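In: sequence isn't available, so here's the structure alone:
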């Protein structure tokens, strides 16, 4: 059934080496008046995917998924690679969304991985200890309680995605002018070496909004410090106009 007459919908999109279980706290305790949906993007956590590895392909999949879920005018929350997917969908039709939350999102002009890092990405497929160390580094202040689940899901990512997602992010970008007028929250972590505070502030400036950088937190700040992130999210959702 359509969203009219029931809670508004927040759709939370995970990042690379991740899954819907990154949003377990948010799904268990959704903001008042909202329901939270969190899909496993294709090729992540064991979900099938036969298409090309691209941000556009993930956006195609998400738009079809939203149709099958009968979701209208959601707020999209995207973390890291999930932010790129959310931005791609938003740029295609900003009027189809009620708002956008970018949490350590890939920059608007894409994210280039140095060529020398690609062998390391492939090594993650066969080296569990390296994958664990890499994921643990996303949470410099503390690992989330369900870190073991997050690690298991990260290891269950499709083989095509290890280098493929990095190539996809390098080849992608959106024009911020296409997002004009869409309510947007931009948040980052002070200790994030992947999406640095400078990147977060540049993204916010391009979208004509203020950036929030959480002190002492890293790339995984929504899971490191769910209370602080939740306070920002609740404040943003409260000021959104009724669709």
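Out: Yes, it's here. What you are looking at is a predicted structure, and each value in this text was computed from that prediction instead of being measured.
In: please make it C-alpha for all contacts and neighbour counts, starting now.
Out: Fine.
In: buried stuff in stretch 62-82?
Out: 62, 66, 71-82 (16 or more other C-alpha atoms under 10 Å).
In: where's it relative to the chain centroid, distance-wise?
Out: Stretch 62-82 has its C-alpha centroid displaced from the chain centroid by 11 Å (C-alpha atoms, centre = their mean, to the nearest Å).
In: let me know whether residue 40 touches residue 48 as I believe.
Out: No - using C-alpha atoms under 8 Å, residue 40 is not in contact with residue 48, being 10.0 Å away.
In: would you mind measuring the gap between the ends of stretch 122-138?
Out: 19 Å (C-alpha to C-alpha, to the nearest Å).
In: ok, now stretch 111-130?
Out: 22 Å.
In: same check on stretch 202-219?
Out: First-to-last residue span, stretch 202-219, C-alpha to C-alpha: 17 Å.
In: not counting its neighbours along the chain, what's nearest the residue most central in space within the chain?
Out: Most central in the chain under C-alpha atoms, centre = their mean is residue 79, positioned 2.1 Å from the mean C-alpha point. Closest residue to residue 79 apart from its sequence neighbours, by C-alpha to C-alpha, 6 or more residues apart in numbering: residue 103 at 4.7 Å.
In: how about residue 184?
Out: Spatial nearest neighbour of residue 184, chain neighbours left out: residue 100 (4.7 Å); criterion: C-alpha to C-alpha, 6+ apart.
In: and that neighbour, that's in a strand?
Out: Yes - secondary structure of residue 100 (DSSP: H, G, I helix; E, B strand; the rest coil): part of a strand.
In: and residue 173, how far is that from residue 63?
Out: 18 Å.
In: got the confidence number for the residue nearest to residue 79?
Out: You'll see residue 103 listed with a pLDDT of 98.
In: would you mind measuring from it to residue 227?
Out: Applying C-alpha to C-alpha to residue 103 and residue 227 gives a distance of 14 Å.
In: list the contacts of the residue nearest to residue 79.
Out: By C-alpha atoms under 8 Å, 6 or more residues apart in numbering, the contact set of residue 103 is 77-80, 83, 186-188, 222.
In: sort out which of those are in strands and list them.
Out: Of the positions in the contacts of residue 103, 77-79, 186-188 sit in strands, assigned by DSSP state E.
In: got JSON lines for the contacts of residue 103, with pLDDT too?
Out: Below are the contacts of residue 103 laid out as JSON lines (pLDDT from 0 to 100):
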{"residue": "77", "pLDDT": "98"}
{"residue": "78", "pLDDT": "98"}
{"residue": "79", "pLDDT": "98"}
{"residue": "80", "pLDDT": "98"}
{"residue": "83", "pLDDT": "98"}
{"residue": "186", "pLDDT": "98"}
{"residue": "187", "pLDDT": "98"}
{"residue": "188", "pLDDT": "98"}
{"residue": "222", "pLDDT": "97"}
